[in-house]
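[1] Kindly return the folded structure for what I paste below:
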Amino acid sequence: MATATVVHAVGSKVWVKDDAESWVKAEVQKIEKDALIVALEESGELRKVKSEEAPLQNVDSRGVEDMTRLSYLHEPGVLWNIKSRYQFDDIYTYTGSILIAVNPFAPLPHLYGPHMMDQYRGVDLGDLSPHVYAIADAAYRQMRKELKGQSILVSGESGAGKTETSKLIMKYLAYMGGYMQAANRRISSGNGGGRSVEEQVLESNPLLEAFGNAKTVRNNNSSRFGKYVEINFHKEGGISGAAIRTYLLERSRVVSVNNPERSYHIFYQLCDGASPQERARWFLKPAQEFHYLNQSTCFDIPGDSNAEEYKRTVTAMAKVGIPPQQREAVFATVAAVLHLGNISFVEEREADSSKVAPGPAYEHLQAAAALLGVDKDGLEHALTTRSRMMREGVIVSPLNVRSALDNRDSLAKIIYAKMFDWLVAAINAAIGEDRNCAASVGVLDIYGFESFDFNDLEQFCINLANEKLQQHFNQHVFKQEQAEYEREQIDWSYIQFVDNQDVLDLIEGKLGVLDLLDEQCRFPTSTNKDLAEKLYNTPSVRGSARFNKPKLSQTAFTIQHYAGPVTYQTDNFLDKNKDFVVAEHQQLLEKSDRQFVRQLFPAPEPAADAADGSAKGSAPHTAIKLNSVGSQSVKQLGELMGQLHTMEPQYVRWALGDGSAKSSAPRTAFKFNSVGSQFKKQLGELMGQLHTMEPHYVRCVKPNGLNQPGLFESSNVLHQLRCGGEKACACLLVV
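    Now for the predicted structure:
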């Protein structure tokens, strides 16, 4: 875009910067040699500003549908255009082919439904007013025309409306799939008693929302996991299958909730919506009586009924294709998690030992054991003891009250996480992925950028995902376009945008934050202080311009993200990065009387399988029989540990005796995985998939922090636009 000189005159309408509103309207009163004297439009206050800091206003008071058509394209012009349209409920605006969607925080039924889908079907982008249906239609028609995969990336901060936008896109794609099926007199080949694939795909949304969404301070229906849905189409244009992939469920929310947030919706739905017979079978009480829920005073969401939402969830499970006996097993497991939270402990006679407290706590132990299909004494033993492998054999050590509570929470989190993974797998099995489809359209709804007073490993991973998506946006919209302009020698001025490759190098590069985190997790006695010191003193981290050590903390660190700085507290990083099932929990649950629980915790493969190299995975694995390490020299042990640190560990521990794998002694087997490295791998696979598809972008914007309709906080919105690069993108596209 060629550089233009702005010419001011007395009476020119301009914008000037303002601390409260970011930009305010003004009129030029006098022109001096190096400055302008302007009068603010609302107050009449006179200000002296530099001419280059007073961009001219656009004359269209209602705004334009595509910001590349603005006469004066600059930051205040983009901001005012979006605000002007929002005031008239025009929540959608184009920046070329990119859609900006402002959350109205109010229902706008006239904008959606079959009548609107009919209007946008087959219409070129830009011929009608901006709409999310237009983006979905463009992706669908391009997919059919080129038989090439398309992706629709929905991004924005928490509460910007990503989940609802993604559902609207999926509804439109299902509508088009069903429309083409009817036009060709073809019936969807969905599984499960005549249910159409279109219906199954749509019903997966409320189902996963019930188990994976929660009320937060920013959003009443916040996705606490990432979701990528790939919808398959056959050559006639109908839906032939689908596959859902999920990322990084927030496990900590199962056991810990900040006020006034909520845990996952399903807990409240179950407590309020279960029938009397179900309540008796699952030993349910009101939500206020469960510890995992009553840490917050919020049990209801205004405008929603937990009981009605429970019915909706049950209906969705049926329509997706989950049979009644499996639905029963899922809800029984959810109830078991709630009962686990009400198990408390008291000190035993021996020092640093504990037992389940008598009274209500013991009743909840009995309920949890019954719902999990295990012996109550066995469950108490698994919660209050820990086995350790010593040279003399397996040593069973008691846990103190604090450790027993942590052990209880660990069990609750792993049960819920495995149940959620099972649910996703069940949905995929019911719908069926068509690997021989003509082409696909993928819809990505992943967590928005997060920054709170206390930022943990979840926020770190969430923000890494957003960095990866921002890089994808940069590469597609900025880097490729500018390279094309250079090749064609088009006259343009370089567009400034935030290139975040250095942030990604800091986080996931060699000896970056994730590498150092995994390294510290290999040492059993490592603490969060050790991790922090490692970060502070490693040149590849410390030397990054994006990394800072807060002055008033010895364990936190700050990263300058594309969306702004975020300070992370390392208190829980090590514990949350270790992803394994406690041996005692595995031994207990793999022998459950309930088939569903045994499916969640299948018995591990025998040690021989691991030793002969049959363990699956792309990384090298090793199986160690720890029964004679003490006889090795210190040098040999050091060499061994050096080798093991380059491999993915798989521990198989046996009690001493005859050294046989057939020993009847207790087995304490588990495979350690790193949450951070797993998530990094998942993101890499996701980005690899997205790079093979033609992208379409929807940038969701949150107009205010109060979640109120009609309120537009300019500074808040401007920050989101700067982070998303909308203004720079518009400048690039008008060249």
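[2] Only C-alpha atoms from now on, for both contacts and neighbour counts.
    OK.
[3] residues in contact with residue 342?
    Contacts of residue 342 were listed using CA atoms under 8 Å, 6 or more residues apart in numbering, and they are 290-292, 361, 364.
[4] how about residue 250, secondary structure?
    coil (DSSP: H, G, I helix; E, B strand; the rest coil).
[5] I figured it hits residue 224, correct?
    Yes - Residue 250 is within contact range of residue 224, at 5.6 Å (criterion: CA atoms under 8 Å).
[6] Just want to check the distance between residue 165 and residue 437.
    Residue 165 sits 25 Å away from residue 437, going by CA to CA, to the nearest Å.
[7] More neighbours: which of these two?
    It is residue 165, of residue 165 and residue 437, that has more neighbours when counted by other CA atoms under 10 Å, with 21 against 17.
[8] circling back to that earlier point, neighbour count: residue 250 and residue 224, which is higher?
    residue 224 (26 against 20).
[9] For that one, give me its contacts.
    Shown in contact with residue 224 (CA under 8 Å, 6+ apart): 212-214, 249-250, 447.
[10] Likewise for residue 409?
    Neighbouring residues of residue 409 by CA under 8 Å, 6+ apart: 255, 340-341.
[11] Let's see that with 7 Å instead.
    Going by CA atoms under 7 Å, 6 or more residues apart in numbering, residue 409 touches residue 255.
[12] so it sits in a strand?
    No - Residue 409 is assigned helix when assessed by three-state DSSP, not a strand.
[13] Against which helices or strands is the host helix or strand of residue 700 packed?
    Take DSSP states H and E as the rule and residue 700 turns out to sit in strand 694-701. Applying 3 or more CA pairs under 7 Å, 6 or more residues apart in numbering; DSSP states H and E, one finds that strand 694-701 makes contact with strand 98-102, strand 150-155.
[14] Those strands: which one's closest to residue 335?
    Ranking these by proximity to residue 335 (CA to CA) places strand 150-155 first, at 33.6 Å.
[15] Show me what the closest one packs onto, helices and strands only.
    Looks like strand 150-155 contacts helix 162-183, strand 439-445, strand 694-701 (3+ CA pairs under 7 Å, 6+ apart).
[16] who does that strand pair up with?
    Next to strand 150-155 in the sheet, as set by DSSP bridges, lie strand 439-445 (parallel), strand 694-701 (parallel).
[17] Can you add pLDDT, secondary structure and neighbour count and give the contacts of residue 342 back as CSV?
    Shown next, in CSV, are the contacts of residue 342 (pLDDT from 0 to 100; DSSP: H, G, I helix; E, B strand; the rest coil; neighbours: other CA atoms under 10 Å):
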residue, pLDDT, secondary structure, neighbour count
290, 98, coil, 18
291, 98, helix, 19
292, 98, helix, 25
361, 98, helix, 18
364, 98, helix, 22
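[18] Now the terminal residues of stretch 585-604, how far apart.
    End to end - CA to CA - stretch 585-604 spans 13 Å.
[19] Check stretch 366-378 too.
    Distance between the two ends of stretch 366-378: 11 Å, counting by CA to CA.
[20] For residue 89, what is the enclosing helix or strand?
    Using DSSP H and E, residue 89 maps to neither a helix nor a strand.
[21] quick one: contacts for it?
    Contacts of residue 89 (CA under 7 Å, 6+ apart): none.
[22] hang on, the earlier thing: and among the helices and strands packed on strand 150-155, the most buried is which?
    Mean neighbour count (mean count of other CA atoms under 10 Å) peaks for strand 439-445 among the helices and strands packed on strand 150-155, with a mean of 25.
[23] what angle sits between it and helix 162-183?
    160 degrees (axes from the mean of the first three to the mean of the last three CA atoms, to 10 degrees).
[24] what about the helices in the stretch 501-650 of the chain?
    Taking DSSP state H, counting those that start in this stretch to define them, one finds helices in the stretch 501-650 of the chain at 501-508, 513-521, 528-537, 539-542, 573-577, 583-589, 595-600, 607-611, 634-644.
[25] How far off centre is the third one?
    Put plainly, it is helix 528-537. Its chain's C-alpha centre and that of helix 528-537 lie 27 Å apart, by CA atoms, centre = their mean, to the nearest Å.
[26] try stretch 96-104
    Taking mean C-alpha positions (CA atoms, centre = their mean), stretch 96-104 and its chain are 21 Å apart.
[27] Please save the CA atoms from it in PDB.
    Output in PDB follows, covering the C-alpha atoms of stretch 96-104 (Å, rounded to 0.1, in the frame of the first residue of the first chain):
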ATOM      1  CA  GLY A  96     -11.400  -9.000   2.800                       C
ATOM      2  CA  SER A  97     -12.300 -12.700   3.200                       C
ATOM      3  CA  ILE A  98     -11.800 -12.700   6.900                       C
ATOM      4  CA  LEU A  99     -14.900 -12.400   9.100                       C
ATOM      5  CA  ILE A 100     -14.900 -10.400  12.300                       C
ATOM      6  CA  ALA A 101     -17.700 -11.400  14.600                       C
ATOM      7  CA  VAL A 102     -18.600  -9.300  17.700                       C
ATOM      8  CA  ASN A 103     -20.400 -11.200  20.500                       C
ATOM      9  CA  PRO A 104     -23.800  -9.500  21.000                       C
END
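[28] in it, what counts as buried?
    96-104 (16 or more other CA atoms under 10 Å).
[29] in the chain, which helix or strand is least confident?
    strand 621-625 (a mean of 35; mean pLDDT, DSSP states H and E).
[30] what about the strands in the stretch 251-400 of the chain?
    For the stretch 251-400 of the chain, applying DSSP state E, counting those that start in this stretch gives strands covering 345-347, 354-356, 385-390, 393-398.
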